[in-house]
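Student: For reference, the sequence and a predicted model appear below.
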Amino acid sequence: MEEAVAGCAALLRAAAGRDWDGVRAGRLEWSCRRTAEHIASDLIAYAGQLAGRSATAYVPFDITVDEGTGDAGVVDVIETTGALLAAAVRTTPREVRAFHPYPFRSANREGFAAMGVTEVLLHTHDIAEGLGLEYEPPAELCARVLTTIFPHVRPEPDAPWNTLLWATGRGDLPGREPLTEWRWNNNLVIDTERLTLQGVTPAAAADLHAGGTGGFAWIEGGPFEGSRFAAGMVASSYEKGEHRPEWGMFALVRREDGLAVGGIGFHGAPDEEGRAEVGYDLAENARGRGYATEALRALAETALARDGVKLLIATIEQENAPSQRVIARAGFTRASEDVEKSARELHGLEESLRLYSREA
């Protein structure tokens, strides 16, 4: 946040005294002055939302600049509101979520930080375009925003800034149609009695796959190898432009202490016949307490309630009796021998695996 605001302030302060009121900001209908004030309004709104921690409504914060305030004064306001949002992000606990309407009606501190940075980068670009100034933020900052709240957008590894501009209807990319409508995408969270299933962003997945924590506090012994492997699948699908957040990976976070105890998710979006495959694992210290059953039941119910989803499947090792009990308690049933045989022939199902399913 500090880096984004500092870059914005440096550019705008150098242009103070230009005709901000009489010039439109890039492709926007607003003037450059109105756009600068909007940046400050966004930042204070996000800071207030995080500080208030409202889960059901958006707090109507806005900035009104006193009459006679010069352009440099508006930059001062942007710096101040940016500092307030940065402070709110730093002091908000990891598990807190506050209301945001799109797309799943909440966001955590990382989501609000990414939204704030996005507003700063894009609207600084708009003002710079209106005033005829050169502006390009750091590539790492753009990439972080993309992997946090634009998980549905296929990245261009060598052009994260151009990708962000394209993803927000402000630029072109070779081989991609221009966008006239766009949305960012905060991670989905599914609540159960003892857990929250927290969607793992591409940024978190890449860190997990590389041996990090993914931004989660893990129970001793976690994350287990299956979670790191699944995180690698998320990172790979994102790089290919195939990642769909609601059909990705979720960390199982325990409500009582905020510790992640395992991972659960899908091997990809449903196929043309409405079938999706699920998988899960737990750290060894979290097993035997019903967490996997609780998580799988909630994930299955959420997925099967979506339009066009007809069947969830899971494959379990023949010798893995505990996992077979989990899948049965979550409402899955063993496939017939004929169905398993067909799966082996059509999809390469190994002899050691057993097929289970749950219908909508």
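Tutor: Done, it's in.
Student: quick one: buried residues of stretch 25-39?
Tutor: Across stretch 25-39, burial judged by 16 or more other C-beta atoms under 10 Å covers A25, G26, L28, W30, S31, C32, R33, T35, A36, E37, H38, I39. (Each C-beta comes from the backbone N, C-alpha and C, glycine too.)
Student: and these as a markdown table, adding distance to A292?
Tutor: Formatted as a markdown table, the buried residues of stretch 25-39 follow (distance: C-beta to C-beta, whole Å):
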| residue | distance to A292 |
| --- | --- |
| A25 | 51 |
| G26 | 50 |
| L28 | 49 |
| W30 | 50 |
| S31 | 55 |
| C32 | 54 |
| R33 | 55 |
| T35 | 49 |
| A36 | 51 |
| E37 | 50 |
| H38 | 46 |
| I39 | 45 |
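Student: ok, which pair from those residues is furthest apart?
Tutor: Using C-beta to C-beta, the buried residues of stretch 25-39 span at most 15.6 Å, a distance reached by G26 and E37.
Student: of all the buried residues of stretch 25-39, which comes closest to N162?
Tutor: Distances from N162 to the buried residues of stretch 25-39, taken by C-beta to C-beta, are shortest for G26, at 15.0 Å.
Student: Contacts only, for the closest one.
Tutor: G26 makes contact with H125, D126, I127, A128, E129, G130, R170, according to C-beta atoms under 8 Å, 6 or more residues apart in numbering.
Student: Quick check: Y135 vs A167, distance?
Tutor: According to C-beta to C-beta, to the nearest Å, Y135 stands 17 Å off from A167.
Student: And T196, which helix or strand is it part of?
Tutor: Secondary structure assigned from DSSP states H and E places T196 in strand 195-199.
Student: For this protein, which helix or strand comes out least confident on mean pLDDT?
Tutor: One helix or strand of the chain scores below all others by mean pLDDT, DSSP states H and E: helix 337-347, with a mean of 71.
Student: Can you list the helices and strands that the following helix or strand past that helix packs against?
Tutor: Downstream of helix 337-347, the first helix or strand assigned by DSSP H and E is strand 353-359. Strand 353-359 is packed against helix 291-304, strand 311-317, helix 321-329, strand 333-334, helix 337-347, with contacts defined by 3 or more C-beta pairs under 8 Å, 6 or more residues apart in numbering; DSSP states H and E.
Student: how about those in CSV, adding mean neighbour count and distance to D19?
Tutor: Output for those, formatted as CSV (neighbours: other C-beta atoms under 10 Å; distance: least, C-beta to C-beta, whole Å):
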stretch, mean neighbour count, distance to D19
helix 291-304, 20, 52
strand 311-317, 19, 59
helix 321-329, 17, 66
strand 333-334, 13, 70
helix 337-347, 12, 64
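Student: got a markdown table for the ones you listed, with distance to L259 too?
Tutor: Below are these laid out as a markdown table (distance: least, C-beta to C-beta, whole Å):
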| stretch | distance to L259 |
| --- | --- |
| helix 291-304 | 11 |
| strand 311-317 | 25 |
| helix 321-329 | 20 |
| strand 333-334 | 32 |
| helix 337-347 | 36 |
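Student: closest one to V153 among these?
Tutor: Of all the helices and strands packed on strand 353-359, helix 291-304 sits nearest to V153, with 22.7 Å by C-beta to C-beta.
Student: contacts for that closest one?
Tutor: Contacts for helix 291-304 (C-beta under 8 Å, 6+ apart): 190-195, 197, 250, 252, 254, 261-262, 264-266, 276, 278, 280, 282, 309, 312, 323, 326-327, 329-332, 358-360.
Student: by how many degrees do it and strand 311-317 diverge?
Tutor: 150 degrees (axes from the mean of the first three to the mean of the last three C-alpha atoms, to 10 degrees).
Student: buried residues in the helix or strand where W161 lies?
Tutor: Under the criterion DSSP H and E, the helix or strand holding W161 is helix 160-167. The neighbour-count check on helix 160-167 (16+ other C-beta under 10 Å) flags P160, W161, N162, T163, L164, L165, W166, A167 as buried.
Student: swap in stretch 173-183?
Tutor: Within stretch 173-183, the residues scored as buried using 16+ other C-beta under 10 Å are L173.
Student: same deal with stretch 351-360?
Tutor: In stretch 351-360, counting by 16+ other C-beta under 10 Å, buried: L353, R354, L355, Y356, S357, R358.
Student: Not including adjacent chain positions, what is the nearest residue to the fifth one?
Tutor: Of all residues not flanking S357 in the chain, I313 sits nearest, at 4.8 Å (C-beta to C-beta, 6 or more residues apart in numbering).
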